[in-house]
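# Structure for this input, please:
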Amino acid sequence: MSLPLSTLGGSARRSIELLDTKSRDTVGTVFRLSILVCLLVSLAVLGVLLVDVVIDGRSYLTDRLGSFLRGSLRSRSIDDKLGVKQGIFGSVWIGIFVASIAFPIGIGAALYLEEYARKSKLNSFIELSIRNLAGVPSVVYGLLGLFLFVERNTILGFLPLGWLVDITGGRSVVSAGLILAILVLPIVIITSQEAIRAVPQGLKEGAYGVGATKSEVIRSQVLPYAAPGILTGSLLSMARAIGEAAPLILVGAISGGLTRNPDVWEVGALRDRFTALPIQIVTWVGQRGRDPGFFNAAAAAIVVLLVLVLALNLGAVLLRNHFEKKRG
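Numbers count the residues shown, from 1 in each chain. This is a model prediction of the structure:
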């Protein structure tokens with residue numbers, strides 16, 4: 001039978017409290033060490049995978065890096081014109097479409113939901129729908145893109161959709177960019193909402209206290225303070241879009257041969273058939289059975305894609321640090 005602390009003497013009570021404090025410290029230390037071990041194991045696994053990929057693609061990355069970056073899809077791995085330029089073209093333009101469509105719409109929607117929308121069942125339903133859409137598999141968005149931008153002329157037999165196909169060119173990088181912008185839009189909205197929600201209420205009240213309007217408060221206080229979180233979430237969502245493959249397959253990305261090998265900024269090729277780095281990687285890995293050299297080419301393409309994604313992440317970190325310094 002245990003006795004309440006109030007019935008014990010002062011020294012006994014202090015001893016029990018000290019033991020409780022030590023027990024909590026021990027639990028906290030074990031928890032921190034467990035998290036550190038998990039982090040180190042994760043980094044070790046990623047490091048091993050990265051080293052393995054670099055070793056497999058070393059022949060392309062060291063012996064013919066320039067021609068590999070300028071090359072195109074080929075039927076044989078020993079072809080000295082084999083490369084990833086067409087994939088880089090598709091991936092870069094997908095990123096441009098995501099940045100120009102998903103970012104402004106997503107940030108604007110987050111501002112409306114956090115600063116202007118009233119608490120109601122309708123707005124709660126909208127927010128719940130956005131969070132559910134963020135968890136929808138990417139292949140479902142690919143089917144949506146196939147329906148909207150590639151094959152359909154009408155909805156329900158009477159709502160015309162042919163103008164969308166005319167704009168996108170059907171199976172083109174425009175269709176891919178639009179559907180991947182739709183894919184990451186819920187993620188941009190959610191991350192932007194969290195960043196805006198973290199703005200201290202005191203900043204807003206201080207601005208209102210000196211006579212600022214709501215739009216002025218958002219422009220001068222909310223957005224500068226939330227900018228690091230908004231930019232980080234937005235650029236990480238772009239990195240996800242660039243690494244997606246399933247939607248691209250459904251909207252017509254090429255896995256065989258392409259007649260054109262366009263420069264990255266060649267706007268005229270946006271309505272042509274296209275490919276992207278994830279598609280090239282999947283295709284080359286699938287061809288390794290008949291031509292083992294494609295496995296090494298796929299490893300080199302993975303490194304190129306990782307460099308592109310890491311460059312985006314580095315940009316996110318630099319922008320976040322820049323705005324954090326200005327905020328400070």
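# what are the ranges of the helices in the stretch 51-200 of the chain?
Counting by DSSP state H, counting those that start in this stretch, the stretch 51-200 of the chain has helices at residues 58, 65-70, 85-97, 103-111, 121-133, 138-145, 162-168, 173-197.
# how near is residue 150 to residue 184?
From residue 150 across to residue 184, the span is 20 Å (Cβ to Cβ, to the nearest Å). (C-beta placed from N, C-alpha, C; glycine too.)
# Low-confidence bits of the protein, can you list those?
Where the chain drops to pLDDT under 70, the residues are 1-25, 152-162, 327-328.
# Report the central residue of the chain.
The chain has residue 237 as the residue nearest its centroid, 2.2 Å off, counting by Cα atoms, centre = their mean.
# Turn the helices of the stretch 51-200 of the chain into a markdown table, columns for mean neighbour count and distance to residue 299.
Below are the helices of the stretch 51-200 of the chain laid out as a markdown table (neighbours: other Cβ atoms under 10 Å; distance: least, Cβ to Cβ, whole Å):
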| stretch | mean neighbour count | distance to residue 299 |
| --- | --- | --- |
| helix 58 | 14 | 8 |
| helix 65-70 | 14 | 12 |
| helix 85-97 | 23 | 14 |
| helix 103-111 | 19 | 32 |
| helix 121-133 | 13 | 34 |
| helix 138-145 | 19 | 23 |
| helix 162-168 | 14 | 33 |
| helix 173-197 | 24 | 24 |
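# I figured the residue nearest to the centre of the chain was touching residue 102, is that so?
Yes - applying Cβ atoms under 8 Å, one finds residue 237 in contact with residue 102, separated by 7.1 Å.
# Spell out the secondary structure type for the nearest residue to residue 273 once chain neighbours are set aside.
Spatial nearest neighbour of residue 273, excluding adjacent residues (Cβ to Cβ, 6 or more residues apart in numbering): residue 254 at 5.2 Å. Secondary structure, DSSP: H, G, I helix; E, B strand; the rest coil: residue 254 is coil.
# just checking, residue 254 touches residue 89?
No - the pair residue 254 / residue 89 is not scored as a contact, 11.7 Å apart, by Cβ under 8 Å.
# Mutual contacts of these two, please.
Here residue 254 and residue 89 share the contacting residues residue 274, scored by Cβ atoms under 8 Å, 6 or more residues apart in numbering.
# wait, which of the helices of the stretch 51-200 of the chain is closest to residue 294?
helix 65-70 (12.9 Å; Cβ to Cβ).
# Return the list of helices and strands in contact with that closest one.
Judged by 3 or more Cβ pairs under 8 Å, 6 or more residues apart in numbering; DSSP states H and E, the packing partners of helix 65-70 are helix 85-97, helix 293-327.
# could you redo these as CSV and give each row distance to residue 163?
Output for these, formatted as CSV (distance: least, Cβ to Cβ, whole Å):
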stretch, distance to residue 163
helix 85-97, 18
helix 293-327, 33
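# Single out the most deeply packed of those.
The highest mean neighbour count among the helices and strands packed on helix 65-70, using mean count of other Cβ atoms under 10 Å, belongs to helix 85-97: a mean of 23.
# That one - contacts with which helices or strands?
Packed against helix 85-97 by the contact rule (3+ Cβ pairs under 8 Å, 6+ apart) you find helix 65-70, helix 173-197, helix 223-243, helix 277-286, helix 293-327.
# Same list as before, those that is, but in a markdown table and with distance to residue 142 included.
Output for the helices and strands packed on helix 85-97, formatted as a markdown table (distance: least, Cβ to Cβ, whole Å):
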| stretch | distance to residue 142 |
| --- | --- |
| helix 65-70 | 28 |
| helix 173-197 | 7 |
| helix 223-243 | 12 |
| helix 277-286 | 12 |
| helix 293-327 | 19 |
